[in-house]
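[1] give me a model of this one.
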Amino acid sequence: MSVKSVIRRVWPVHYADAHCDIPCGIYDPISAKIAAQTVLKMVMRITALEGSTASSAEERQAYANNIGRYIIVKEEHATLAKKELDILWHDYFRPDHLEKYPDLHTKIWNATKLASANKQGINMESAQNLVDAVDEIATIFWATKGVEYSDPNAAVRLGT
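    Numbering: from 1, shown residues only. Okay, the predicted model is just below:
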């Protein structure tokens, strides 16, 4: 009898197979969606902000404070969107999902690049594209669970 077999008898090993780091059912693209939508809202606020040419010191300080806060929130949420997409990509999606959705890798790659672009600049189209990209990934995510996904914010985006 080998040492290895003795150890296994004394301390039995139980094997478990899983494709995720945490129990299934906990993954959800909602965090990435909220982060992407926050990026869009901050870009809207930044572009609507008035006061860069304010004459009084108080108005200039208020402008500087607001622009700084909006930029920090935008960048934090762009980073969060990337992180949440990365978690879905590495921990949730499996090879069989990729077989069914062969463009999934490209969609996630493009979405994370959009998140980076939104950290680097202030562009309404880029922010909207990030929201749309995350929505596409959310649609695929829910389809892998047999759930039809519909975007509750489509009417807001379309201005209706």
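[2] so which residues of the protein form helices?
    3-10, 30-48, 57-87, 95-100, 104-120, 124-144, 154-157 (DSSP state H).
[3] would TSV of these with mean pLDDT be doable?
    Below are the helices of the chain laid out as TSV (pLDDT from 0 to 100):
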stretch	mean pLDDT
helix 3-10	74
helix 30-48	97
helix 57-87	95
helix 95-100	96
helix 104-120	97
helix 124-144	97
helix 154-157	44
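[4] got the ones you listed as TSV, with mean neighbour count columns?
    No exception for glycine: its C-beta is placed from N, CA and C like everyone else's. Formatted as TSV, the helices of the chain follow (neighbours: other Cβ atoms under 10 Å):
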stretch	mean neighbour count
helix 3-10	9
helix 30-48	19
helix 57-87	16
helix 95-100	11
helix 104-120	18
helix 124-144	20
helix 154-157	11
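[5] list the contacts of the residue nearest to Val131 when sequence neighbours are not counted.
    Spatial nearest neighbour of Val131, chain neighbours left out: Ala36 (4.6 Å); criterion: Cβ to Cβ, 6 or more residues apart in numbering. Ala36 makes contacts with 77, 81, 115, 127, 130-131, 133-134, as judged by Cβ atoms under 8 Å, 6 or more residues apart in numbering.
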